[in-house]
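S.K.: Got a sequence here, can you model it:
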Amino acid sequence: MKKMNKTAFMGDKHFYGSTVVGERGQLVILKEARSYFGIKPGDKLIVLGKAGHGILLIKSDNIRELAKAILRDIG
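M.R.: Numbering: from 1, shown residues only. Prediction:
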């Protein structure tokens, strides 16, 4: 049986743990997730969401690739 690392979950999807929203609405992105996705201090993140489902954070540098994928899927 293949041993999974502590964050692996269903192929390329991962679970990194949980975080808490602070009094000022801030949250901490766990170190393992920041490292995996290359998120560094000062990076700009876009926040997307769907009611009843949750939110998605994406680096603004990657938004062009996301837009292309969305347009490909709906086209």
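S.K.: Between the two ends of stretch 47-55, how far is it?
M.R.: 7 Å (CA to CA, to the nearest Å).
S.K.: Surely Ser60 is in contact with Lys44?
M.R.: Yes: with contacts counted by CB atoms under 8 Å, Ser60 reaches Lys44, the gap being 4.2 Å. No exception for glycine: its C-beta is placed from N, CA and C like everyone else's.
S.K.: since we're on the closest residue to Ile55 other than its chain neighbours, how many residues are nearby?
M.R.: Beyond its immediate neighbours in the sequence, the residue positioned closest to Ile55 (CB to CB, 6 or more residues apart in numbering) is Gly49, lying 4.2 Å away. By other CB atoms under 10 Å, 10 other residues sit near Gly49.
S.K.: Go ahead and list the helix or strand containing Gly49.
M.R.: Taking DSSP states H and E as the criterion, the element that holds Gly49 is strand 45-50.
S.K.: The helix or strand immediately after that strand in the chain packs against which elements?
M.R.: Using DSSP H and E, the helix or strand that follows strand 45-50 in sequence is strand 54-59. Other helices and strands packing on strand 54-59, by 3 or more CB pairs under 8 Å, 6 or more residues apart in numbering; DSSP states H and E, are strand 45-50.
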